[in-house]
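Student: any chance you could fold what I've pasted below:
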Amino acid sequence: MNEAYSAFAAGYDRMMGDVDYDGWASYIDEFLRETGAKSVLECACGTGSLTVRLGRMGYAMTGSDLSEDMLMVARQKALDAGLRFMPFVRQDMRRIALHKPVDAVISACDGVNYLLDGAEDFFRAAHGALRPGGLLLFDVSSAYKLSTVLANNIFAATGEDWAYIWENTYHPRLSRTDMLLTGFLKQGPGYTRFEEHHSQRAYTEAELRASLESCGFGDIRVYEAFTRQGPTPTAERLQFTARKE
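Tutor: As a prediction, this is how the structure comes out:
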C-alpha cells in the first residue's frame with residue numbers, strides 16, 4: 001500500500017477519465033443525506049475526485065490517503081474548486097487520527113480491497129472515528145470480479161496522451177489478485193514509462209459482514225453498487241453501509 005499510486009498519480013485522472021464521478025458522488029450523497037451527516041472523512045481518497053464533489057455539495061470533508069503524490073493532486077483540485085479549507089492528510093486508513101468524531105467515514109473505489117491482511121483494523125479505526133450512530137460507507141470489487149473477470153487476464157487502453165497495459169494474476173489460496181500496471185504518459189516531446197505493482201484481496205460478503213459485526217457495527221446493508229438492490233452472484237462491485245452502535 002505504501003508505494004501504490006506514486007508514479008501513477010501524475011496520470012491517474014487522465015486514465016480514469018471514463019469514471020462517472022458525478023454519478024458516484026450523487027450515489028454516496030443519497031446515503032449521507034438519509035443519516036443527516038455533515039462531517040465526513042474519506043479514506044483512500046486518491047486525487048480527491050469524490051472528496052471535492054462532496055465538498056461542493058456542502059459536506060465538511062476531510063480526505064486521507066497514503067500516497068503524498070495523490071494528495072498533492074487532490075489539494076490542487078480542491079483549490080481550483082474554491083475549497084480553500086478542505087484538509088487532505090497523509091494517513092493510513094487502519095490508523096485514523098482525528099481531532100473530533102465525524103458523522104460518516106467513507107471509502108470508495110477498492111480502498112478496502114487493498115487491505116490484504118484483513119479489514120478489521122480499518123473497521124475498528126472507523127468505529128473509533130465516528131460519533132454514536134455514525135455511518136460507515138465503503139465499496140469493494142467483488143470476489144467474483146477479482147477471481148473471474150480480472151483474474152489471469154491482460155487489459156490495455158490508450159488515450160490521446162497516455163496508454164497502459166494491465167496484467168493480472170489471481171492466487172486462489174490467498175484470495176488475492178496481483179496486478180502489474182505498465183503505463184506511458186506524454187510529457188514534453190516524448191513519453192515517460194512507469195510500472196506499479198498492486199494487490200487486492202477478494203473479500204466475500206460474509207467475511208466483511210463478520211468483520212463489521214466484530215468491530216461493533218450494526219444495521220449492515222449490502223447493495224449492488226450504484227443501486228439499492230441486493231447484489232447478484234455476478235455483481236462486480238458491492239456497496240456496504242453500517243452504523244456505529
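Student: residue at max distance from the center of the chain?
Tutor: P189 (33.4 Å; C-alpha atoms, centre = their mean).
Student: how much space separates it from D13?
Tutor: P189 sits 22 Å away from D13, going by C-beta to C-beta, to the nearest Å. From N, CA and C alone the C-beta is placed, and that goes for glycine too.
Student: quick check: what element follows the helix or strand where A104 lies along the chain?
Tutor: Element membership of A104, judged by DSSP states H and E, is strand 102-107. Once strand 102-107 ends, the next helix or strand along the chain (criterion: DSSP H and E) is helix 120-129.
Student: tell me what angle that next one forms with strand 102-107.
Tutor: Helix 120-129 runs at 160 degrees relative to strand 102-107, counting by axes from the mean of the first three to the mean of the last three C-alpha atoms, to 10 degrees.
Student: give me the contact list for the biggest helix by length in the chain.
Tutor: When the chain is scanned for its longest helix (criterion: DSSP state H), the result is helix 21-35. For helix 21-35, the surrounding residues in contact (C-beta atoms under 8 Å, 6 or more residues apart in numbering) are 40, 49-50, 53-54, 57, 59, 103-104, 106, 108, 133-135, 137, 225-226, 239, 241.
Student: would you confirm that Q239 contacts E224?
Tutor: Yes. Assessed by C-beta atoms under 8 Å, Q239 is found in contact with E224 at 7.3 Å.
Student: between those two, point out the one with more neighbours.
Tutor: Just comparing Q239 and E224: by other C-beta atoms under 10 Å the higher neighbour count belongs to Q239, 22 against 17.
Student: surely the more buried one forms part of a strand?
Tutor: Yes. Residue assignment for Q239, taken from DSSP: H, G, I helix; E, B strand; the rest coil, places it within a strand.
Student: can you pull the contacts of it?
Tutor: Y27, L137, F138, D139, V222, Y223, E224, A225, F226.
Student: same check, this time on K145
Tutor: Contacts of K145 (C-beta under 8 Å, 6+ apart): E236, R237.
Student: ok, 7 Å please
Tutor: E236 (C-beta atoms under 7 Å, 6 or more residues apart in numbering).
Student: for it, helix, strand, or coil?
Tutor: At K145, secondary structure determined by three-state DSSP is helix.
Student: same question for R131.
Tutor: Assignment for R131 (three-state DSSP): strand.
Student: got a pLDDT number for it?
Tutor: R131 carries a pLDDT value of 98.
Student: mind exporting the longest helix of the chain as PDB, just the C-alpha atoms?
Tutor: What follows is helix 21-35, C-alpha atoms only, in PDB (Å, rounded to 0.1, in the frame of the first residue of the first chain):
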ATOM      1  CA  TYR A  21     -17.600  10.600 -10.600                       C
ATOM      2  CA  ASP A  22     -20.600  12.900 -10.600                       C
ATOM      3  CA  GLY A  23     -22.900   9.900 -10.500                       C
ATOM      4  CA  TRP A  24     -20.800   8.200  -7.900                       C
ATOM      5  CA  ALA A  25     -20.900  11.300  -5.700                       C
ATOM      6  CA  SER A  26     -24.600  11.500  -6.100                       C
ATOM      7  CA  TYR A  27     -25.000   7.900  -5.000                       C
ATOM      8  CA  ILE A  28     -22.900   8.500  -1.900                       C
ATOM      9  CA  ASP A  29     -24.900  11.700  -1.200                       C
ATOM     10  CA  GLU A  30     -28.100   9.700  -1.100                       C
ATOM     11  CA  PHE A  31     -26.800   7.600   1.900                       C
ATOM     12  CA  LEU A  32     -25.300  10.600   3.700                       C
ATOM     13  CA  ARG A  33     -28.500  12.700   3.400                       C
ATOM     14  CA  GLU A  34     -30.600   9.900   4.900                       C
ATOM     15  CA  THR A  35     -28.500  10.000   8.000                       C
END
